[in-house]
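**Q** heads up, no residue letters with this:
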C-alpha cells in the first residue's frame with residue numbers, strides 16, 4: 001500500500017505539471033487587452049505609474065514578456081512556494097482572497113454532501129428491495145429529476161417559490177440587513193438560513209446519481225449466491241439486507257464518495273453565482289468575466305489538483321474497505 005500511494009503521488013505530480021502547463025498556455029492565448037485594461041485602470045489612480053510602465057510591470061510579473069516555456073517556468077517556480085501573484089480584480093494576493101472565500105464553499109458542499117448520503121443511500125436501497133414496485137418507480141423518477149434538472153433552473157425556481165412568493169428566505173447573500181445587530185447565535189442562524197436554498201439545490205442535483213448507483217449495486221448484491229444461501233438458511237430478511245447485502249453494497253459506494261470528497265472545496269459556480277454566495281465558485285466566475293488571469297489560473301489548477309486527489313482517495317479507499325483487493 002505504501003509503495004502504491006507513493007507511486008500514485010509521483011504520477012499525480014507529473015500529471016499536474018503537464019496540466020498546469022497546458023492551462024498556462026491557454027491563458028497565454030487570451031487577448032492581451034486584459035493586461036492593457038488592467039494597466040489602464042491602475043494608471044488612473046492618484047500617484048500611480050504611467051500606462052506603459054504598468055504594461056511592462058504586469059507582463060514581467062506574469063512572464064508575458066518571454067516565451068511560453070520560460071514564462072511557465074517563472075510562474076511555476078513561484079507557484080510551488082505558494083506565490084500565485086496578486087489578483088487584478090480583487091486587489092489582494094490570490095491566496096489571501098482564496099482563504100477568505102473557500103469556507104463558504106466548504107460549508108455549502110459539506111452540508112449538501114451529508115444530506116446527499118442520508119437521503120440517497122437509504123432511498124437507493126429501498127428502491128432495490130422493492131424492485132418494480134410503485135416505490136421503486138417513485139424513487140427512480142426522483143433520481144432522474146435530480147440528474148436531469150439544471151442547477152440554474154432549480155435554483156431560480158426555489159428562489160421564486162420560497163423567496164418571492166412565500167417570503168421565507170432572502171433572494172441572495174449570506175447575511176441579512178440586521179446581521180450586525182444580532183447576538184452570536186442569531187448571526188449563526190442568520191447565515192444558516194441563507195444557506196438553506198443553496199444547500200437544497202446542491203443536494204437535489206447531486207443525489208440522483210448516487211441514488212441510482214446505490215440501487216444498481218444493491219440489486220447486483222441481492223442476486224448474488226451468498227444472499228440466496230443466507231435466505232435458504234432461514235435468516236430474517238431484515239438481517240439479510242442490513243447485514244449481508246448492505247455491507248457489500250457499501251464497497252463501491254465508499255469509493256464513489258471518496259472521489260467526491262475533494263469537491264467539498266471545489267465550489268459550485270452556478271449555484272453560488274445565482275444566490276450570490278461569496279464562495280470560491282462565485283469568486284472565480286467574477287474573476288473570469290473581469291479578465292483576472294492570476295486568480296483564474298490559480299482556480300483552474302486548484303480544480304485539477306482536487307481531481308487528482310479525488311482519484312487517489314478513491315483508489316486507496318477501495319483497497320481499504322475490500323480486503324479481496326490487492327494492489328500490485
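**A** Now that the structure is in, tell me what you want to look at. On a predicted model such as this, the values are computed, not experimentally measured, just so you know.

**Q** Quick one: the strands in the stretch 201-328 of the chain, in order.
**A** With DSSP state E, counting those that start in this stretch, there are no strands along the stretch 201-328 of the chain.

**Q** State the pLDDT value of residue 31.
**A** For residue 31, the model assigns a pLDDT of 63.

**Q** now do residue 12
**A** 87.

**Q** gap between it and residue 235?
**A** From residue 12 over to residue 235 the distance is 44 Å, taken as C-beta to C-beta, to the nearest Å. Yep, even glycine has a C-beta here, placed from its N, CA and C like the rest.

**Q** Who has more neighbours out of those two?
**A** residue 12 (18 against 15; other C-beta atoms under 10 Å).

**Q** Can you tell me the SS state at residue 65?
**A** Put simply, residue 65 is coil when judged by DSSP: H, G, I helix; E, B strand; the rest coil.

**Q** does the nearest residue to it once chain neighbours are set aside belong to a helix or a strand, and which?
**A** Of all residues not flanking residue 65 in the chain, residue 59 sits nearest, at 4.3 Å (C-beta to C-beta, 6 or more residues apart in numbering). Applying DSSP states H and E as the criterion places residue 59 in helix 51-61.

**Q** Mind listing what's buried along the top helix by length along the chain?
**A** Identified as the longest helix of the chain according to DSSP state H is helix 184-222. Across helix 184-222, burial judged by 16 or more other C-beta atoms under 10 Å covers 187, 190-191, 194-195, 197-215, 217-219, 221-222.

**Q** same question, stretch 36-46
**A** For stretch 36-46, by 16+ other C-beta under 10 Å, it's 38-39, 42.

**Q** Which member of those residues is positioned nearest residue 287?
**A** Nearest to residue 287 among the buried residues of stretch 36-46, counting by C-beta to C-beta, is residue 38 at 12.1 Å.

**Q** give the contact list for residue 70.
**A** residue 63 (C-beta atoms under 8 Å, 6 or more residues apart in numbering).
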